[in-house]
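1. return atomic coordinates for the entry below.
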Amino acid sequence: MRIILDNNVFISGIFWKGVPNDIIKLAEKGKLEVFTTNEILEELFGVLKREKFRFLFEEAKTNINEVFEKALEMVKICEPVKKIRIIKKDPSDNKFLACAVSCRATFIISGDIHLLELREFQGISIISPREFLKKFNKLI
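-> Modelled structure (predicted):
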């Protein structure tokens, strides 16, 4: 199953226990294919470099390089074939839609209201981590 993880889900899944972490573990076990783009990765690591996130690395006894390596091992990179301009309130969220369309994802998993309020885009379900796990558990 091909999925896109919004960066808020990815960060939560890396640093805390809970539903996003369960999704990360499924991806690490190869039960999910996580796709991303270079643009999404740049945003992720830009966010992780912020001072306010430094404590996360200290608590997890890791560093940004280890997190970067873990992310790269887990994801497949695709390049969007076209720009999408659907989300007007936060245009930076459109990159997740473009990635999902280009890699033919089944789900975008997000906690972002601008994505979640769409619910679906070109046949791709946009759902919360909890909703995704419920659906995934029914499928297996």
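2. what's the worst-scoring helix or strand of the chain on mean pLDDT packed up against?
-> In the chain, the helix or strand scored least confidently by mean pLDDT, DSSP states H and E is helix 54-60, which has a mean of 88. When contacts are defined as 3 or more CB pairs under 8 Å, 6 or more residues apart in numbering; DSSP states H and E, helix 54-60 sits against helix 7-15. Yep, even glycine has a C-beta here, placed from its N, CA and C like the rest.
3. contacts for the helix it packs on next, please.
-> Applying CB atoms under 8 Å, 6 or more residues apart in numbering, the external contacts of helix 7-15 come out as 5, 18, 20-24, 40, 43-44, 47-48, 53, 56, 59-60, 67, 70-71, 109-112, 129.
4. from these, keep the buried residues only.
-> 5, 20-24, 40, 43-44, 48, 56, 67, 71, 109-112, 129 (16 or more other CB atoms under 10 Å).
5. what is the strand or helix carrying I23 packed up against?
-> Assigned by DSSP states H and E, I23 falls within helix 19-28. For helix 19-28, the packing partners by 3+ CB pairs under 8 Å, 6+ apart come out as strand 2-5, helix 7-15, helix 64-74, helix 129-139.
6. out of the ones you listed, which is closest to T36?
-> strand 2-5 (7.0 Å; CB to CB).
7. gap between the closest one and the chain center?
-> 6 Å (CA atoms, centre = their mean, to the nearest Å).
8. pairing partners for it, with directions?
-> Strand pairing for strand 2-5, determined by DSSP bridges: strand 33-36 (parallel), strand 107-109 (parallel).
9. I'd like the mean pLDDT over the first one, please.
-> Read it as strand 33-36. Mean pLDDT, strand 33-36: 98.
10. so where is the protein shaky, pLDDT-wise?
-> 140 (pLDDT under 70).
11. which residues touch stretch 121-134?
-> 3, 9, 12-13, 19-20, 22-23, 86, 97, 100-101, 105-111, 115-116, 118-120, 135.
12. using PyMOL, define a selection of the buried residues within those.
-> To isolate in PyMOL the members of the contacts of stretch 121-134 that are buried, counting by 16+ other CB under 10 Å, one can use:
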select buried, resi 3+9+12+13+19+20+22+23+97+100+101+105+106+107+108+109+110+111+115+116+118
